[in-house]
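Engineer: let me see the structure of the following:
(chains A and B)
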There are 2 protein chains.
Amino acid sequence: MLTSYIYSQLQESDIQRLTARNTDDTNAIQDTVLQIIDSVRNEGDAALTALAAKFDKVNLDRLYLDKEEIEELAMTITRDQQRALEIAFQNIHKFHSTQLRRERKVETMPGVSCWREVRPIEKVGLYIPGGSAVLPSTLLMLGVPARIAGCKEIVVCSPPQSTGKINGFVAYCLHLLKIDKIYLVGGAQAVAAMAFGTESIPKVDKIFGPGNQFVTKAKSLMQSLTNVSIDMPAGPSEVLVIADESANPAYVAADLLAQAEHGPDSQAVLVATSATIVQAVNDELAKQLAILPRAEIAKMAIANSYAVITENLQDAMAFSNNYAPEHLILETDQWQTLTRSIINAGSVFLGHLTPESAGDYASGTNHTLPTSGYARSYSGVSVDSFVKKITFQHISEEGLQQIGSTVEILAELEGLHAHKNAVSIRK
Amino acid sequence: MLTSYIYSQLQESDIQRLTARNTDDTNAIQDTVLQIIDSVRNEGDAALTALAAKFDKVNLDRLYLDKEEIEELAMTITRDQQRALEIAFQNIHKFHSTQLRRERKVETMPGVSCWREVRPIEKVGLYIPGGSAVLPSTLLMLGVPARIAGCKEIVVCSPPQSTGKINGFVAYCLHLLKIDKIYLVGGAQAVAAMAFGTESIPKVDKIFGPGNQFVTKAKSLMQSLTNVSIDMPAGPSEVLVIADESANPAYVAADLLAQAEHGPDSQAVLVATSATIVQAVNDELAKQLAILPRAEIAKMAIANSYAVITENLQDAMAFSNNYAPEHLILETDQWQTLTRSIINAGSVFLGHLTPESAGDYASGTNHTLPTSGYARSYSGVSVDSFVKKITFQHISEEGLQQIGSTVEILAELEGLHAHKNAVSIRK
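Structural biologist: Numbering: from 1, shown residues only, chains lettered A, B, ... in the order given. Predicted coordinates for the structure are as follows:
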């Protein structure tokens, strides 16, 4: 079912075409989003209430739920579900806790001390998609590092359900994160509200979170229209599986389908070291698709995907580095030697027993990752995404003697005499 | 000369106005830049040669200088100048070397191992402004962390001089950085060339560097039009000096002028704990301006700046955190206690003998810093800016038993059955 290509027969231009992502950026979306942005800027809360009536089909008296309402909803889920969310929370917390580290001072010359200190971004906004796909896991993936970073204000927006409430799973995650409020705002309007601020919703410094094309477009527009920053550009989710003879075709097919069920525009790429493997995976795909609830979506994504047959694992990795996948799964016994040659990828899953879905939910790593080839230059979300590193320096009298003439010479050669004088006047 | 405001008399809206930056974003610039982008996309090298003739007034046979030409130019500067650039290089190298660190593996549950590994961004583009202001220091500030990160391809663009060459200082920095080629391309066209790639100039994954309004606009446009990423949004440079009775008004004035001489749109803000201090600094400003070569520029910047008088250092810091300055200088004996309350700043200079110009050139810290309030959410350039952190995970049989049911429950509650099956099939 996956269209196959032979790697050794591909031209440079074929590889470019295969690794390029579908960037279906219609102006229609941009126009709609700009209209929404304008109305939120001009009318604030009133616009948000009107948009909730229009898009979410709900009349809201108030744009948020408070602690009591959240706690009540959180208790509507089963103990097993609570326990699963708790384990995910703990693992994510454990992994992300190690990312916050003090750096040591460096004396670059006697009397010249330089160092960096970490400070949380004060106000962050987390967008949690809702509606048909409820994603409590995303709240954990963004909320845990925000808490570890020490962000002072964590604003959470999620579209209201038709009841005017939120789903119990999201509520339980808020409970675990000790977040006392959630704003019932979805879509592009949530992004605009957090970037501008409204009567109810605080203006934030940085906006995080996935969303549909409207949310994504709103994030990119707000980034250029205001001084809010965003976690990363977003596109459809994707996986690349590298498989050799040691791979179990059933596992490979299961991993490709886990990606494919996200949406018709998801991409699930198989890079295998023989045509036999591709055939076996295709057979398994057919078998597993037959009983998959979201088979219609998955089929469209598979039609949008392909397989590449290489002669060896080195070529497979070369193709993968070119593609720069969000998720990379190495279904080979050789994973240990292969990791060294990974250059571009968001998150990597090693060996036969490490499904991507473990990382999506509970192993501890973050699932907010660069898509569409952005893994070439972006990292996934981590505690780093919620902090700044500020540089500090202190120069003593000795230090000024040591460094002074160097600064004077360099300022002079750049023609900046006041820069020079700031040193000379102190000597 | 600096207009003064009394902090205790300022309303919230006054503070908002004072801390807002001048965002003079004319469509005229955008239109010009879009035209340049289009011609580079369509005509490649030919467009670059034509634009060099138009803007840089030079006819280029070839769009780059090679190693031999660079070495020759590098030897035209004096030994003292070479030595000053070497010291700056060494200090920057020493400070930035400590930023690349291995992270440890975390076993979040028995048999579930997660960790991050650092990989360089493969292809980076460095823009070095030229023309009237030649900035070899910028090449060191970008080139050193790129080298430490291990970037495979470092593409440097800088506008040609009327001789068709580059300045000897820039050449000497290329020599120190062991970079064998420099592209003679400036302005928005350099940014477009590095984002698209041309016959001569390689396409890069991330573009770094300061520039005029055209360069800045081109970076922000290319970030949204292509999948290239950029170091940070840029605006005019700025400093905020906090001074109390212990400050030397001559030093304070010298630091404000070092900022002011950058350009008429630079901002130099003084936050002082008494009106007497502001008066003394104003007197010194007049004195030092009288003998400053770039006095005309500095005067315009000072007219665009102001002083705030607070009752104590805590209020001064509160104002500074609100402003979120690119450069913050603490000219007070109390700097040690004050640093803890710094939340938003790009780079901080501590005490009476630490002029900002030391950090601009030679102390070791990076001078590519967030302006225009972006210090609320961005860090300055560091080795971090030239790498990605990729997450890895490995799950053993034991690990799968430990984590399996948690993933299954969470996948099921999100309605993603193929995600669940990727675990179930392995159990």
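
Engineer: look up how far chain B lies from the residue nearest the centre of chain A.
Structural biologist: By C-alpha atoms, centre = their mean, chain A has its centre lying nearest to A:Thr368, at 2.5 Å. Noted for A:Thr368: a distance of 11 Å to chain B, by C-beta to the nearest C-beta, to the nearest Å. Any C-beta I mention is one placed from the backbone N, CA and C, and that applies to glycine too.

Engineer: equivalent analysis for A:Leu285, please.
Structural biologist: For A:Leu285 relative to chain B (C-beta to the nearest C-beta), the value is 11 Å.

Engineer: now do the SS call for that residue.
Structural biologist: Following DSSP: H, G, I helix; E, B strand; the rest coil, A:Leu285 is assigned to helix.

Engineer: pretty sure it sits against A:Met1.
Structural biologist: Yes: under the criterion of C-beta atoms under 8 Å, A:Leu285 makes contact with A:Met1 at 5.3 Å.

Engineer: who touches both of the two?
Structural biologist: When contacts are counted by C-beta atoms under 8 Å, 6 or more residues apart in numbering or on different chains, A:Leu285 and A:Met1 are jointly contacted by A:Ile302.

Engineer: between those two, which is the more surrounded one?
Structural biologist: A:Leu285 (26 against 16; other C-beta atoms under 10 Å in any protein chain shown).

Engineer: contact partners for the more buried one?
Structural biologist: A:Met1, A:Leu2, A:Ala253, A:Leu256, A:Leu257, A:Ile302.

Engineer: cool, A:Asp244 as well?
Structural biologist: Contacts of A:Asp244 (C-beta under 8 Å, 6+ apart): A:Ala272, A:Thr273, A:Ser274, A:Ile277, A:Leu313, A:Ala316, A:Glu331, A:Thr332, A:Asp333, A:Gln334.

Engineer: switch to 6 Å and redo it
Structural biologist: A:Thr273, A:Thr332 (C-beta atoms under 6 Å, 6 or more residues apart in numbering or on different chains).

Engineer: and the stretch 51-200 of chain A, which residues reach chain B?
Structural biologist: A:81, A:84, A:87, A:91, A:94-95, A:98, A:106, A:108, A:112, A:114, A:119, A:121, A:169 (C-beta under 6 Å from any C-beta of the partner chain).

Engineer: can you redo these as CSV with neighbour count, secondary structure and pLDDT?
Structural biologist: Output for those, formatted as CSV (neighbours: other C-beta atoms under 10 Å in any protein chain shown; DSSP: H, G, I helix; E, B strand; the rest coil; pLDDT from 0 to 100):
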residue, neighbour count, secondary structure, pLDDT
A:Gln81, 18, helix, 96
A:Ala84, 25, helix, 97
A:Ile87, 21, helix, 98
A:Asn91, 26, helix, 98
A:Lys94, 17, helix, 98
A:Phe95, 28, helix, 98
A:Thr98, 17, coil, 94
A:Val106, 21, strand, 97
A:Thr108, 23, strand, 98
A:Val112, 27, strand, 98
A:Cys114, 27, strand, 98
A:Arg119, 19, strand, 97
A:Ile121, 24, coil, 98
A:Phe169, 24, helix, 95
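
Engineer: what values do phi and psi take at A:Lys123?
Structural biologist: With angles defined as degrees, to the nearest 10, A:Lys123 sits at phi -120, psi 120.

Engineer: ok, it - how many residues close by?
Structural biologist: 20.

Engineer: beta partners of it?
Structural biologist: A:Glu153 (DSSP bridges).

Engineer: which pLDDT value goes with it?
Structural biologist: For A:Lys123, the pLDDT comes out at 98.

Engineer: return the residues in contact with it.
Structural biologist: A:Lys123 makes contacts with A:Glu153, A:Val204, A:Asp205, as judged by C-beta under 6 Å, 6+ apart.

Engineer: ditto for A:Ile121
Structural biologist: A:Ile121 sits in contact with A:Cys151, A:Asp205, A:Lys206, A:Phe386, B:Ser377, where contact means C-beta under 6 Å, 6+ apart.

Engineer: could you do A:Tyr127 as well?
Structural biologist: Applying C-beta under 6 Å, 6+ apart, the residues contacting A:Tyr127 are A:Cys157, A:Ala190, A:Gly209, A:Gly211.

Engineer: out of those, list just those in strands.
Structural biologist: Mapping these onto strands (DSSP state E) picks out A:Cys157.

Engineer: tell me how many other residues crowd the closest residue to A:Ala362 other than its chain neighbours.
Structural biologist: Nearest residue to A:Ala362, sequence neighbours excluded (C-beta to C-beta, 6 or more residues apart in numbering or on different chains): A:Ala88, at 4.2 Å. Neighbour count for A:Ala88, taken as other C-beta under 10 Å: 27.

Engineer: in which helix or strand would I find A:Ala88?
Structural biologist: Following DSSP states H and E, one finds A:Ala88 within helix A:79-97.

Engineer: and if you look at A:Arg101?
Structural biologist: Counting by DSSP H and E, A:Arg101 is part of no helix or strand.

Engineer: next, it: phi, psi?
Structural biologist: The phi/psi pair for A:Arg101 (degrees, to the nearest 10) reads phi -130, psi 140.

Engineer: for the one 4 residues further on, same thing?
Structural biologist: Phi and psi for A:Lys105, reported as degrees, to the nearest 10, are phi -70, psi 150.

Engineer: re the thing from before, which SS class is the residue nearest to the centre of chain A?
Structural biologist: Secondary structure assignment for A:Thr368 (three-state DSSP): coil.

Engineer: so how far is A:Tyr374 from it?
Structural biologist: Distance, A:Thr368 to A:Tyr374, by C-beta to C-beta, to the nearest Å: 12 Å.

Engineer: just A:Gln259 next, same as before
Structural biologist: 17 Å.

Engineer: please apply the same query to A:Phe55.
Structural biologist: For A:Phe55 relative to A:Tyr374 (C-beta to C-beta), the value is 28 Å.

Engineer: same deal with A:Gln213?
Structural biologist: For A:Gln213, the distance to A:Tyr374 - C-beta to C-beta - is 16 Å.

Engineer: before we move on, what about A:Lys206?
Structural biologist: Taking C-beta to C-beta, one finds A:Lys206 at 17 Å from A:Tyr374.

Engineer: neighbour count for A:Gln213 and A:Tyr374, which is higher?
Structural biologist: Ranked by neighbour count (other C-beta under 10 Å), A:Gln213 and A:Tyr374 place A:Tyr374 first, with 24 against 19.

Engineer: nothing else from me, thank you.
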